[in-house]
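Asker: Quick one, fold the following:
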Amino acid sequence: MPHRQIHFIIDETPPQRLDKALARDVPAEAALSRTRLGRLIADGAVSVAGDVVTDPKARVQAGAAVVIEVEEAQESHILPENIPLDVVFEDDDLIVVNKPAGMVVHPAPGTPSGTLVNALLAHCGDALSGVGGLKRPGIVHRIDKETSGLLVVAKSDAAHHGLATQFEAHTVERYYRALVFGVPDGNDPRLRGVKGASFEAGNILKITTQLARHKTDRQRQAVLFHGGRHAVTRARTVESYGTPPVLALMECWLETGRTHQIRVHMAHAGHGLVGDPTYGGKRKLAAKALSDGAHEAVRAFARQALHAAVLGFDHPISGEKMRFEAPLPEDLAALLRNLRSVLT
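Answerer: Next comes the predicted model:
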């Protein structure tokens with residue numbers, strides 16, 4: 001297997017642990033995350049002052065010469081496919097794409113091809129410097145197959161580590177647009193009686209629960225209040241539709257990022273997403289609240305009405321603040337135009 005050698009000198013006042021010292025002083029162009037460096041130490045690929053060191057807690061002195069043997073990134077077993085992508089931003093370290101509804105992010109047994117990863121392998125080609133030793137895009141977050149919108153993907157190991165750290169710390173800005181049944185209102189006694197639901201200033205709905213995989217339906221997530229993983233969603237009404245109002249366009253943002261979080265939380269609050277086949281996206285609306293055409297447009301909407309509209313983060317290499325917005329896809333925009341036409 002081809003190798004490359006990375007040579008550098010430990011700078012003044014190094015951290016007491018070898019792994020931390022390497023993470024601080026390894027050249028940025030090496031694109032090695034602390035996680036990857038830890039694996040290289042364990043594999044005997046790190047020499048300090050001519051001696052191989054396999055203990056990540058070993059002490060290291062300023063001025064010590066370090067040599068790291070790194071295997072060149074191997075080709076991924078996932079095949080590249082020439083699938084068009086809506087690229088919002090791209091540089092040497094990362095790429096931001098506007099994913100269409102209907103595209104799976106990562107290959108799985110049921111969807112081995114046609115995914116975003118297949119498309120990125122073809123699009124990026126040799127620009128992928130390697131994530132975890134493989135020439136593959138670094139997926140740090142996902143959105144559901146039938147959800148459209150923004151995703152950031154790492155092209156290097158260092159970027160992958162930096163982005164993952166931000167997602168783990170919940171510092172990434174993520175705003176979604178969702179069309180839901182009903183109009184959440186802080187004055188609604190029913191909603192105030194829903195466990196885990198509360199309202200903040202500005203009529204902002206806050207939903208705080210635990211989430212875990214459903215005990216009997218493994219395709220669903222379930223709301224819990226003991227066990228599972230902590231999840232917090234906030235939402236505010238952007239626009240309502242119908243006379244009386246029976247639908248609302250919501251702006252939702254995540255304090256945490258769990259599987260199906262917005263979909264399951266809004267359904268728990270009694271305001272499930274239009275078109276959501278998993279959490280009850282079909283609901284009978286008052287016959288006279290909307291026109292016949294609007295009723296039909298809502299019934300015919302073929303996916304959950306959810307779009308990842310805003311994505312903000314610090315660039316993992318430069319530190320620059322990045323923020324991107326993606327307009328509503330045509331299917332959801334057309335549905336809203338239909339609903340608005342009833343109001344004019």
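Asker: Could you check how far stretch 199-212 is from the centre of its chain?
Answerer: 20 Å (Cα atoms, centre = their mean, to the nearest Å).
Asker: Can you pull out the low-pLDDT segments for the stretch 201-344 of the chain?
Answerer: For the stretch 201-344 of the chain, the stretches flagged by pLDDT under 70 are 281, 342-344.
Asker: redo that, cut-off 80
Answerer: 218, 280-282, 341-344 (pLDDT under 80).
Asker: Show me the helices in it, by range?
Answerer: Ranges of helices within the stretch 201-344 of the chain are 261-268, 292-300, 330-341, based on DSSP state H, counting those that start in this stretch.
Asker: Can I get the first one in PDB? Just the C-alpha atoms.
Answerer: What follows is helix 261-268, C-alpha atoms only, in PDB (Å, rounded to 0.1, in the frame of the first residue of the first chain):
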ATOM      1  CA  GLN A 261     -37.000  15.000  15.100                       C
ATOM      2  CA  ILE A 262     -39.200  17.700  13.500                       C
ATOM      3  CA  ARG A 263     -41.700  15.200  12.100                       C
ATOM      4  CA  VAL A 264     -42.200  13.300  15.300                       C
ATOM      5  CA  HIS A 265     -42.200  16.400  17.500                       C
ATOM      6  CA  MET A 266     -44.800  18.200  15.500                       C
ATOM      7  CA  ALA A 267     -47.000  15.100  15.300                       C
ATOM      8  CA  HIS A 268     -46.700  14.800  19.100                       C
END
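Asker: so residue 206 sits right up against residue 234, yeah?
Answerer: Yes. With contacts counted by Cβ atoms under 8 Å, residue 206 reaches residue 234, the gap being 5.2 Å. The way it works is simple: take the backbone N, C-alpha and C, and place the C-beta from them, glycine included.
Asker: between those two, what contacts are shared?
Answerer: residue 200 (Cβ atoms under 8 Å, 6 or more residues apart in numbering).
Asker: These two: which is more packed in?
Answerer: Higher neighbour count among residue 206 and residue 234: residue 234, with 18 against 15, using other Cβ atoms under 10 Å.
Asker: shouldn't the more buried one be in contact with residue 261?
Answerer: No. Judged on Cβ under 8 Å, residue 234 makes no contact with residue 261 at a distance of 11.3 Å.
Asker: Where is the longest strand in this structure?
Answerer: Once the chain is assigned using DSSP state E, the strand that runs over the most residues is strand 229-241.
Asker: Paired strands for that one, with orientation please.
Answerer: If you go by DSSP bridges, strand 229-241 pairs up with strand 204-213 (antiparallel), strand 247-254 (antiparallel).
Asker: out of those, nearest to residue 278?
Answerer: Among these, strand 204-213 comes nearest to residue 278, with 12.5 Å by Cβ to Cβ.
Asker: Identify the residues contacting the closest one?
Answerer: 184, 186, 191, 195-200, 220-236, 258-261, 264-266, 268-269.
Asker: switch the cut-off to 6 Å
Answerer: 184, 196-198, 200, 221-225, 228-229, 231-236, 258, 265, 269 (Cβ atoms under 6 Å, 6 or more residues apart in numbering).
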